[in-house]
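A.B. asks: give me a model of this one.
(one chain, ligands or ions: 2)
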Amino acid sequence: MSDQPILRAEEISLSFGGIQALDAVGLDVFPGEILAIIGPNGAGKTSLLNCINGLYRPNSGRIFYHNQNITGLKAYQRARLRIGRTFQHVELFAGMTVLDNIKSGRVMDIKTNFLGAFFHVGKSVKEEMRHRRDLEESVIDFLDLNHVREQPVATLPHGIQKRVDLGRALAMKPELLLLDEPMAGMNIEEKEDMASFFLDIHRDLGTTIVWIEHDLSTVMNLSDRICVLNFGVRIALGTPDEIRKDPGVIEAYLGQEEGV
Ligand SMILES: Nc1ncnc2c1ncn2[C@@H]1O[C@H](COP(=O)(O)OP(=O)(O)O)[C@@H](O)[C@H]1O
Ligand SMILES: [Mg+2]
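C.D. replies: Numbering: from 1, shown residues only. Ligands and ions are numbered 1, 2, ... in the order given. From the prediction side, this is the model:
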């Protein structure tokens, strides 16, 4: 692992009315790692991802991406920097096909490239279109979605919809991929499929992954490091072994259904 973080969240605080969703949370993410964010419901996990990708603006704190201060950038500008994102609740275009949903991940790029191409070389639009089509096809192949490519996503099982959501994020060629509970609501078989796609993405595409997940044994198996939030505070950060033994983490999870 490189010692320069790809992403640095510095003292991120965020409140909603009287609720302190995040309280001076800091986090460094290193290139090529798989880092999980865990914590009880309402701990601030989704809020932290939203601050990283620009959906939420923190009340204080700064976000750096490759040492560049991106705190003031909007979500679409961060997406262009190749910070990709999936959502806790599937937010696809339900009536559109799998292929069209995956294409929608790249919409923002075409505008910029179109203008750039208009002013520079005529044929690069065509090249860009071909490049995009190849990319979309490779995402479909990669996630094994060929058999459902022309189906409206609303007709597909939940597990496949989550995979399409992942495909849409992959179509942006993310360098940093933020996944909010990619396995939520899945049965065991779907979870196993998602875990293997997840590892393929990491291994074959070299993508750095930050993910939120509730299933602790899956988190422990798949992650290099784990960040634990509780009531908006980062209470621990470390390897799975360190987290397993951490007294503060054990206490936070006492009374929860799942043990650590
Ligand atoms: N858009 C919002 N408006 C109001 N409160 C919010 C909003 N987003 C999150 N919160 C509150 O912030 C806290 C943290 O929420 P969240 O980040 O969704 O937690 P988690 O993902 O860990 O379950 C919760 O108390 C939640 O109700
Ligand atoms: Mg959440």
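
A.B. asks: isn't residue 223 right up against residue 36?
C.D. replies: Yes: if you go by C-beta atoms under 8 Å, residue 223 and residue 36 touch, sitting 4.0 Å apart. Yep, even glycine has a C-beta here, placed from its N, CA and C like the rest.

A.B. asks: what do the two both touch?
C.D. replies: residue 211 (C-beta atoms under 8 Å, 6 or more residues apart in numbering).

A.B. asks: where does the stretch 151-260 of the chain have low pLDDT?
C.D. replies: Counting by pLDDT under 70, the low-confidence segments of the stretch 151-260 of the chain come to 254-260.

A.B. asks: okay, strands next: where are they in the stretch 1-150 of the chain?
C.D. replies: 7-16, 19-29, 34-38, 60-65, 68-69, 83-85 (DSSP state E, counting those that start in this stretch).

A.B. asks: what's near enough to touch residue 177?
C.D. replies: 84-86, 169-170, 201, 207-210.

A.B. asks: now swap in residue 165 and tell me
C.D. replies: 86-87, 90-92, 182.

A.B. asks: and residue 249, by the same measure?
C.D. replies: So residue 249 contacts 228, 235-236, 243, 260 (C-beta under 8 Å, 6+ apart).

A.B. asks: how close does it get to residue 231?
C.D. replies: Remark: distance between residue 249 and residue 231 (C-beta to C-beta, to the nearest Å) = 13 Å.

A.B. asks: do the same with residue 155
C.D. replies: Using C-beta to C-beta, residue 155 is found at 40 Å from residue 231.

A.B. asks: kindly report the same for residue 164.
C.D. replies: Relative to residue 231, residue 164 is positioned 34 Å away (C-beta to C-beta).

A.B. asks: what is the residue nearest to residue 208 when sequence neighbours are not counted paired to in the beta sheet?
C.D. replies: Take residue 208 and drop its neighbours on the chain: the residue closest to it by C-beta to C-beta, 6 or more residues apart in numbering is residue 176, 4.9 Å away. Taking DSSP bridges as the rule, residue 176 bridges to residue 83, residue 208.

A.B. asks: coming back round to it: among the contacts of residue 165, name the buried ones.
C.D. replies: 86-87, 92, 182 (16 or more other C-beta atoms under 10 Å).

A.B. asks: quick one: the helix or strand that contains residue 229 near ligand 2?
C.D. replies: Using DSSP states H and E, the element containing residue 229 is strand 225-230. No: using C-beta under 5 Å from the ion, strand 225-230 never reaches ligand 2; the gap is at least 10.2 Å.

A.B. asks: direction included, what does the very next helix or strand once past that strand pair against?
C.D. replies: Counting by DSSP H and E, the next helix or strand C-terminal to strand 225-230 is strand 233-238. The pairing partners recorded for strand 233-238 under DSSP bridges are strand 225-230 (antiparallel).

A.B. asks: near ligand 1, which residues of this structure? Just list them.
C.D. replies: Residues of the chain that fall close to ligand 1, judged by C-beta under 6 Å from any ligand atom: 16, 19, 21, 39, 41-47.

A.B. asks: what sits against whichever residue of the stretch 51-200 of the chain sits closest to ligand 2?
C.D. replies: Proximity of the stretch 51-200 of the chain to ligand 2 (C-beta to the ion) peaks at residue 88, 4.9 Å away. Residue 88 makes contact with 46, 180-181, 184, 212, according to C-beta under 8 Å, 6+ apart.

A.B. asks: compare the residues you listed and tell me which is most surrounded.
C.D. replies: residue 212 (23 neighbours; other C-beta atoms under 10 Å).

A.B. asks: what bridges to that one?
C.D. replies: Bridge pairing for residue 212 - DSSP bridges - gives residue 37, residue 180.

A.B. asks: i'd like the first residue to be 16 from this point on
C.D. replies: Sounds good: first residue 16 from here, last item residue 227.

A.B. asks: just to check, it is in contact with residue 52?
C.D. replies: Yes: with contact defined as C-beta under 8 Å, residue 227 counts as touching residue 52 (4.9 Å).

A.B. asks: hey, what's in contact with both of the two?
C.D. replies: Here residue 227 and residue 52 have 60, 64 as joint contacts, going by C-beta under 8 Å, 6+ apart.
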